[in-house]
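J.: no sequence on hand, only this structure:
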């Protein structure tokens, strides 16, 4: 079970432009303490270590391809426009021992009322409730930001992620253009962030087609986490 712990970040813990009010300290069922907070540019190194440490299966579920993100792409992922996108990370440890355990991200579509999303958790930290915590934080923020629906895709074989989607109220249907994936979507109603804090199997729902800003879509694949 993931238990919330009151948290207030000090002024030396984040840049002034960083939304510190969104930080939350949580405790997992094994008593590991984690911080759920928005990503920031200083996370470059731990984001790189996190992504390079994903297994082949988790990496494939993440991008729906076997390609590896470049260091430049990873750097972009830690420098976000908070008005257009949001990324929450789960962090444990401090100083040189800081580890990134998972990331959940959305990017608004062009109309601004919908958003594509994704969530990925490090292999060793799956099935501990981290994916559910990150996705609930993401849903809550998206709802408060005026986003009407969240949508993405999951591999049809990624049953763990599809279970998490069902747990949090995502509708799922076959993609008429690709039998290997499932389309997932959730309308963001006032209680859309969910109320059950229990752990769930958690791996990856990949975003459908959001390119990295300032990059041609055909070169970016599904790289948004």
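T.: Thanks, I have the structure now. All figures in this text were calculated on a predicted structure; none of them were measured in a lab.
J.: so where's the protein uncertain?
T.: 1-16, 56-69, 190-225 (pLDDT under 70).
J.: in it, which spans are strands?
T.: Ranges of strands in the chain, per DSSP state E, are 3-5, 24-27, 33-38, 85-92, 99-108, 114-121, 149-155, 171-175, 178-187.
J.: any idea which of those strands is most buried?
T.: Stretch with highest mean neighbour count among these: strand 114-121 (a mean of 26; mean count of other CB atoms under 10 Å). C-beta: built from backbone N, CA, C; applies to glycine.
J.: quick one: that one to strand 99-108, angle?
T.: Orientation of strand 114-121 against strand 99-108 (axes from the mean of the first three to the mean of the last three CA atoms, to 10 degrees) gives an angle of 170 degrees.
J.: in the longest helix seen in the chain, what's buried?
T.: If you go by DSSP state H, the chain has its longest helix at helix 130-144. Neighbour counts over helix 130-144 (16 or more other CB atoms under 10 Å) mark 130-143 as buried.
J.: chain center to it: distance?
T.: Helix 130-144 sits 8 Å away from the centroid of its parent chain (CA atoms, centre = their mean, to the nearest Å).
J.: what's the angle between it and strand 33-38?
T.: Relative orientation of helix 130-144 versus strand 33-38 (the same axes, to 10 degrees): 30 degrees.
J.: remind me what helix 130-144 packs against, helices and strands.
T.: Judged by 3 or more CB pairs under 8 Å, 6 or more residues apart in numbering; DSSP states H and E, helix 130-144 is in contact with strand 33-38, strand 85-92, strand 99-108, strand 114-121, strand 149-155, helix 159-167.
J.: do you know which of those lies nearest residue 76?
T.: When the helices and strands packed on helix 130-144 are compared by CB to CB, strand 85-92 sits nearest residue 76, at 11.0 Å.
J.: show me what that closest one is packed up against.
T.: The contact analysis (3+ CB pairs under 8 Å, 6+ apart) places strand 85-92 against strand 33-38, strand 99-108, helix 130-144.
J.: nearest to residue 45, of the ones you listed?
T.: Nearest of these to residue 45, taken as CB to CB: strand 99-108 at 9.3 Å.
J.: which helices and strands does that closest one pack with?
T.: If you count contacts as 3+ CB pairs under 8 Å, 6+ apart, strand 99-108 packs onto helix 44-52, strand 85-92, strand 114-121, helix 130-144.
J.: hang on, the earlier thing: now render the strands of the chain as JSON lines, adding distance to residue 44.
T.: Compiled in JSON lines, these are given as follows (distance: least, CB to CB, whole Å):
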{"stretch": "strand 3-5", "distance to residue 44": "27"}
{"stretch": "strand 24-27", "distance to residue 44": "22"}
{"stretch": "strand 33-38", "distance to residue 44": "15"}
{"stretch": "strand 85-92", "distance to residue 44": "12"}
{"stretch": "strand 99-108", "distance to residue 44": "11"}
{"stretch": "strand 114-121", "distance to residue 44": "17"}
{"stretch": "strand 149-155", "distance to residue 44": "25"}
{"stretch": "strand 171-175", "distance to residue 44": "34"}
{"stretch": "strand 178-187", "distance to residue 44": "30"}
